[in-house]
Structures are given as structure tokens and as C-alpha cells.
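J.: just to be clear, the model below is a prediction. Sequence and coordinates:
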Amino acid sequence: MTPSFPFTRLDELFFHIDQPAEPFSLQVEVRVDGHFSSEKMRAAISTAMGRHPLARVRQQPWNERSNHYVWEPVDAALPPLRTVDCPDDKALAAARDELMALSVPLGEAPPFRALLAHHPQGDVLTLNLSHVASDGIGGYRLLLSILRAYAGLTDPLPAADAVQARDIGRATRPQGIRERAQRVAALGKYLIDSVEGPPARIAAKFGDGGAGVGFEYLTLNPGQLARLDARRGDGMTVNDMLAAALHLTIARWNAACGQPANRVTMMMPMSLRDETHTFELVGNYSPWLNVATRARDRQADFNRTAAFIAERTRELKSQRRSGIITDLLDLAGILPGWARRRLHLLMPLTGNFVVDTTVLYNLGRLPGLPDPGGRAGRIIDFRFNPPARMPLGVSVGAATLGERLFLSFRYRREQFDHIAAQDFVVLFRQVLLGEE
């Protein structure tokens, strides 16, 4: 039996943020052109859980006197699969929304829930994975193990210890006094900028004020990717272009709604996995960078905005600014447990000036997923997206698989209704591909 092990600082931060009304979880989803067997899928999930310690853990009991939290692997945990019949897309969307509105109870193993939806146009497997246990790459890796087990394929694991490797503090520790001083100065500038010009909020439209989340999806085919590549300037990445499109979309959306959007800030999680296992290991290895633009940086021009973001991102990466997050978490670790559990309650009192406008979580170009074969057939769709916690009411997940780029938009019901969410995604596509 795998021994118990403590939460990392990232695990603990996400645990404090996760709330029943606002689950802090990741969606990982795959669709096939055939039909999954429920029993075979249940067995595949069980096999995959046995491959990854963080995929079969529960949180040990704690109380107000607890100063730390502990994960306890459960080797005999049952696969958390629910199967539903969805005669149409409306029923599928309702089943997905219900799953993703759930805050996964961490006192029970495992830290995710799975939905298998039988649909006339191809079955869908959706994972609701608690971000307290893992990041997006970990969600992809868990899904990979499930599909390999379903297809009867081998599932080799790296030699790295998935539990010990979660100590990302070693990778982000300041390399000398100069770097530490740069980080302190950068944090101070960010806080000053936030006070002088708080992050813009995406204008709500037709939001019903209720709880829950909804999803919209956009897939770029090879022709659209070629068009996107033709727009790419020297030194720009696809991620820079996605970020620029999101910044401009928010600015134009707000302008159309009569709401200002001067300082748009965006979280971009960055995996700190070793390059020898870039797409391996279930767990939290991804602190984030904060990229901000003001109206003068955008000037309503896509290429200028993308160039600004590309330069800013390169600068942040070269200065290892993602280490600011681990520095702050280490500093917060000095506080007693009861105080750390209440830090997130301060955000509404500050006007949420430390909460970004949006988040873009790009998994990059994934190595691939195996077709399950048999009656399940081939994979025809893949989706991933991060949490969207108010007042950050919209989040975007991206992943390139094969010759297609899959984009997923998660929105809060307080932010948009279904029509408004569709309009937002259409505007994003127009900005990204230059279709205005």
C-alpha cells in the first residue's frame, strides 16, 4: 500500500478556493464515433486509478486545529462512473453541466467523478477532476491511462516518483539575491497596478444570477490552423495568438456592452514538469504567470497585441516569474492552518483586485490518445478546460491533438446565458482568425 503524503502548497491553495457553490475542478472529455461499454469502461477506470497514486487518494480527516492536510491513497477505491442515456445534444449538455457543477468530495476516494453518456452520434466520457489533486496535464494523463486500459494497450510510466516530484519549489527557488529582489519588485508592481487599475471584469449579459456552469466549444480544423499560422509573426507561439485574441475579445465585448476594459489580466498556468516527462505524472505541477494588457497595448490591432503579449511572456519566463506564486505560498505557510483557510475570504473585501479577468490554460500539442477500437471506434473530439470562479466568469482551455486545435469555454451562469456565451465564442473566433 502506498503510504500517505502531505498536500503541496498548490494543493492546499486550491483546496481553500474550492467551494460547493463554485467547484474548483477541471473538465477532461473525449468523444468517440461509436459506443463505449459501461462495464468495460468501469474496469478501465479502475485500472487507470491503480497506475497513479493521486488518482486514487482521499483526504484524511481534519479539523480547525489541523495545520496541514494529508492525502491517503486507497488501493481498493471503486471507479466513480455514472452512465446516462442522452437522446440528443440538449440532454448531453444537461448531464455534463450537472457533473461539472459538483465539487468533488475529497473525503472519498478517488478525487474525480466520471460520466459516460450514450449518444446516438457517439458516446462521450467526461471527467470532473478536482484541481486540488491535479492540474490539466495530469487530467490528460489520467484519461490516457483509461483509454489505454479500455483498448487493452500497455501503459508505461516514467521512472520519476509522481509523489515526490510534486515539490515544484525546488524548480522555482530563487537563484540568488538578485532574482529574489526582482520577484519582490515584480509582485509589488502587480499589486500597485491592481490598486490603481483593478482588473477588468467581463461584462455580464443575460446572466440569470443562478449557480452552475455552462460550456461552449470551438474546434479549428487544418485549414483554419493554416490561416492562423499565416497570421503568426516572428517569435510568436500559438499560445501568444490565443492570448491576444482573448484580450481583444474581452475589450471588444465590453465596449459593445458599454463597459470599460482598460486593464485586462489573464492567468496562464505553466507546467514545471521535467522535460523528460512533459506529459506524464498526475498531480499539481503548474503555477501560473499573469499577463496584463491595457488599452494602449492593444490599440484594437491583433498583430500588435500578439507581439506585445509574446514579448511580455518571454520576459516573464526568462525571469522565472512563476516562482512568485510559490514564494507567496511558502510565505502563507508560516500562518497557522485556521488563518490560511480564511485567506480566500479576504478577496471580496478587496474588490477582488487580486483576481484576474480570465484564464487561458493551454495544454499544448498533446502526444495523442489511442482510439479505443471495437464498437467504440475512433476518437472524434477532445475537450479540456479549467475552473471559472466568480468574478472570473469565463475560462478557456486549449489543446492541440492531431491536426486540430480544440478550444473549450466554461462560463458561469451568473455571467452569461447560452446565447451570450455563443456570441462571445463567435467574437473570439472572428478576432483570432481575422474574420471581422
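T.: Happy to help now that I have it. Numbers count the residues shown, from 1 in each chain.

J.: in this structure, what helix or strand scores lowest on average pLDDT?
T.: Every helix and strand of the chain was ranked by mean pLDDT, DSSP states H and E. The lowest is helix 346-349, at a mean of 41.

J.: now the strands for the chain?
T.: Assignment of strands within the chain using DSSP state E yields the ranges 5-6, 25-32, 57-59, 70-73, 81-85, 112-118, 124-130, 213-220, 264-269, 288-293, 358-365, 379-385, 394-401, 404-412.

J.: domain map for this protein?
T.: Domain segmentation of the chain under automatic domain parsing yields 5-164, 166-367+381-433.

J.: worst mean pLDDT among these?
T.: Here the lowest mean pLDDT among those goes to domain 166-367+381-433, at a mean of 79.

J.: kindly check the end-to-end length of that one for me.
T.: Domain 166-367+381-433 has an end-to-end distance of 38 Å (criterion: CA to CA, to the nearest Å).

J.: which ones are touching residue 388?
T.: Shown in contact with residue 388 (CB atoms under 8 Å, 6 or more residues apart in numbering): 213, 359, 394-395, 410-412, 415. C-betas here are computed from N, CA, C, even on glycine.

J.: neighbour-wise, which of these leads?
T.: Using other CB atoms under 10 Å as the neighbour test, these are led by residue 415, with 27 neighbours.

J.: what's near enough to touch the closest residue to residue 394 other than its chain neighbours?
T.: Closest residue to residue 394 apart from its sequence neighbours, by CB to CB, 6 or more residues apart in numbering: residue 411 at 4.9 Å. The contact partners of residue 411, taken as CB under 8 Å, 6+ apart, are 213-216, 388, 393-395, 421, 424.

J.: what about the nearest residue to residue 18 once chain neighbours are set aside, how many neighbours?
T.: Of all residues not flanking residue 18 in the chain, residue 24 sits nearest, at 3.8 Å (CB to CB, 6+ apart). The number of residues packed near residue 24 is 20, by other CB under 10 Å.

J.: ok, the spatially closest residue to residue 231 that is not a sequence neighbour - contacts?
T.: Excluding its sequence neighbours, the residue lying closest to residue 231 (CB to CB, 6+ apart) is residue 434, at 6.1 Å. Going by CB under 8 Å, 6+ apart, residue 434 touches 227, 231, 302.

J.: what's the answer for residue 255, then?
T.: Here residue 255 is in contact with residue 261 (CB under 8 Å, 6+ apart).

J.: hmm, back to that, among the domains of the chain, which comes closest to residue 375?
T.: domain 5-164 (5.0 Å; CB to CB).

J.: same question for stretch 245-257: list its buried residues.
T.: 245-254 (16 or more other CB atoms under 10 Å).

J.: count of neighbours near the residue nearest to residue 157 when sequence neighbours are not counted?
T.: Excluding its sequence neighbours, the residue lying closest to residue 157 (CB to CB, 6+ apart) is residue 51, at 6.4 Å. Neighbourhood size, residue 51 [other CB under 10 Å]: 20.

J.: my guess is residue 51 contacts residue 154, does it?
T.: No. Residue 51 is beyond contact range of residue 154, at 11.0 Å (criterion: CB atoms under 8 Å).

J.: what's the neighbour count on residue 160?
T.: 14.

J.: picking up where we left off before, which of the contacts of residue 388 lies closest to residue 259?
T.: So of the contacts of residue 388, ranked by how close each gets to residue 259 (CB to CB), first place is residue 415, at 12.6 Å.

J.: which residues in the protein form helices?
T.: Using DSSP state H, the helices found in the chain span residues 9-17, 38-51, 89-100, 136-151, 169-172, 177-196, 222-231, 238-256, 295-298, 302-318, 323-332, 337-340, 346-349, 418-433.

J.: winner for burial among these?
T.: Ranked by average neighbour count under the criterion mean count of other CB atoms under 10 Å, these are headed by helix 136-151 at a mean of 24.

J.: mind checking how far that helix is from the chain centre?
T.: 16 Å (CA atoms, centre = their mean, to the nearest Å).

J.: and if you look at stretch 307-316?
T.: 21 Å.

J.: can I get the CA coordinates of that stretch in CSV?
T.: C-alpha atoms of stretch 307-316 as CSV (Å, rounded to 0.1, in the frame of the first residue of the first chain):
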residue,chain,number,x,y,z
ALA,A,307,3.6,40.9,-30.4
PHE,A,308,3.2,42.7,-27.0
ILE,A,309,2.0,39.5,-25.3
ALA,A,310,4.7,37.4,-26.9
GLU,A,311,7.4,39.8,-25.7
ARG,A,312,5.9,40.0,-22.2
THR,A,313,5.5,36.2,-21.9
ARG,A,314,9.2,35.7,-22.9
GLU,A,315,10.3,38.2,-20.4
LEU,A,316,8.2,36.6,-17.6
